[in-house]
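Participant: I would like to see how this sequence folds:
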Amino acid sequence: VELVESGGGLVQTGGSLRLSCVDSGGDLNKYGAGWFRQAPGKAREFVATISRNTVARWYADSVKGRYIIFRDNTKNTVYLQMNSLRPEDTAVYYCAASDGVAASTTPNTYRFWGQGIQVTVSS
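Facilitator: Prediction:
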């Protein structure tokens, strides 16, 4: 599994971005997946997760109602649609694949990680 994120960038408050996470190795469709983020000077935190079969989707309280995680297993891709963005959403966002099929909010259940992509929300 080799995860590559795309879709980040600079956006104004209230704007939207869609992050994509593609597995060039072609196995992401076998695993649960998640998005995490890390702001400067802060610990990495959970954002959203989705099970392999898409039945389970969980979100951090800070993004609930604004972010949507979804996936296309035929394309080995997981997405994070981010709406109503706020300056406090500014962070490096990481895609991850778990060591099983379930969704998970816990970083240590994820075996594979992308390099991360910057999202900056200006006020």
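Participant: which residues touch the closest residue to Leu80 other than its chain neighbours?
Facilitator: Residue nearest to Leu80 in three dimensions, not counting chain neighbours: Leu19, with 4.3 Å by Cβ to Cβ, 6 or more residues apart in numbering. Using the backbone N, CA and C atoms, a C-beta is placed for each residue, glycine as well. Residues counted as contacts of Leu19 (Cβ atoms under 8 Å, 6 or more residues apart in numbering) are Glu5, Ser6, Gly7, Gly8, Trp35, Tyr79, Leu80, Met82, Tyr93, Cys95, Ile117, Val119.
Participant: ok, now how distant is Leu19 from Phe36?
Facilitator: Remark: distance between Leu19 and Phe36 (Cβ to Cβ, to the nearest Å) = 12 Å.
Participant: what sits in contact with each of those two?
Facilitator: What both Leu19 and Phe36 touch, as defined by Cβ under 8 Å, 6+ apart, is the set Tyr93.
Participant: what ranges in the protein fall below the confidence cut-off?
Facilitator: By pLDDT under 70, the chain contains no weakly predicted segment.
Participant: now the strands: where do they sit in it?
Facilitator: For the chain, applying DSSP state E gives strands covering 3-6, 9-12, 17-23, 33-38, 45-50, 57-59, 67-72, 77-82, 91-98, 110-113, 117-122.
Participant: buried residues, the fifth one. List them.
Facilitator: Along strand 45-50, the positions that meet the burial threshold by neighbour count (16 or more other Cβ atoms under 10 Å) are Phe46, Val47, Ala48, Thr49, Ile50.
Participant: with the fourth one instead?
Facilitator: If you call a residue buried by 16+ other Cβ under 10 Å, then strand 33-38 has these buried ones: Ala33, Gly34, Trp35, Phe36, Arg37.
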